[in-house]
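Visitor: only geometry, no sequence info:
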């Protein structure tokens, strides 16, 4: 397993409740760009449609340099490969509890591009400050010890 991108800001902005692994439907030039590391998931999120299909929205994949007229669009909705029952379960949690789906890690597993998405609840500003205080005090304790 080779990790290509890690969205560290998710842990700062959200409480992570559950994590799911899914595949992404990509074209040939998209996977080549991803293997070169020319992509970003910082502003991306996961959207579930009314016919229970999951899409990643806002994922930027740079154009492949050796690609020709068949090169891909840089930002488009890409379909995620999840089981139907998982998508239905996630859709219900999003609607009822007001949660969000955010991509956390993109990695290659046996040559296939996989995405780890997290079911998250947003943090308030005071929650972020509290977490920062705890982190700071634990570092100080480690220095003393």
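Guide: Thanks, I have it. Every value quoted in this text rests on a predicted model; they were computed, and no experiment measured them. Numbers count the residues shown, from 1 in each chain.

Visitor: longest helix in this structure, by residue count?
Guide: helix 125-144 (DSSP state H).

Visitor: Mind giving me the packing neighbours of that helix?
Guide: Packing contacts for helix 125-144, counted by 3 or more Cβ pairs under 8 Å, 6 or more residues apart in numbering; DSSP states H and E, involve helix 9-13. Bear in mind the C-beta positions are built from the backbone N, C-alpha and C, glycine included.

Visitor: Bridged to residue 78, which residues?
Guide: Taking DSSP bridges as the rule, residue 78 bridges to residue 56.

Visitor: Correct me if wrong: it contacts residue 59.
Guide: Yes. Counting by Cβ atoms under 8 Å, residue 78 does reach residue 59; the two are 6.3 Å apart.

Visitor: Those two: who's more crowded?
Guide: Neighbours were counted for residue 78 and for residue 59 using other Cβ atoms under 10 Å; residue 59 has more, 26 against 19.

Visitor: what's around the closest residue to the more buried one other than its chain neighbours, how many residues?
Guide: Spatially, and ignoring its direct neighbours in sequence, residue 59 is nearest to residue 44 (4.3 Å; Cβ to Cβ, 6 or more residues apart in numbering). Residue 44 sits with 20 neighbouring residues when counted by other Cβ under 10 Å.

Visitor: now residue 44: how far from residue 23?
Guide: Distance, residue 44 to residue 23, by Cβ to Cβ, to the nearest Å: 15 Å.
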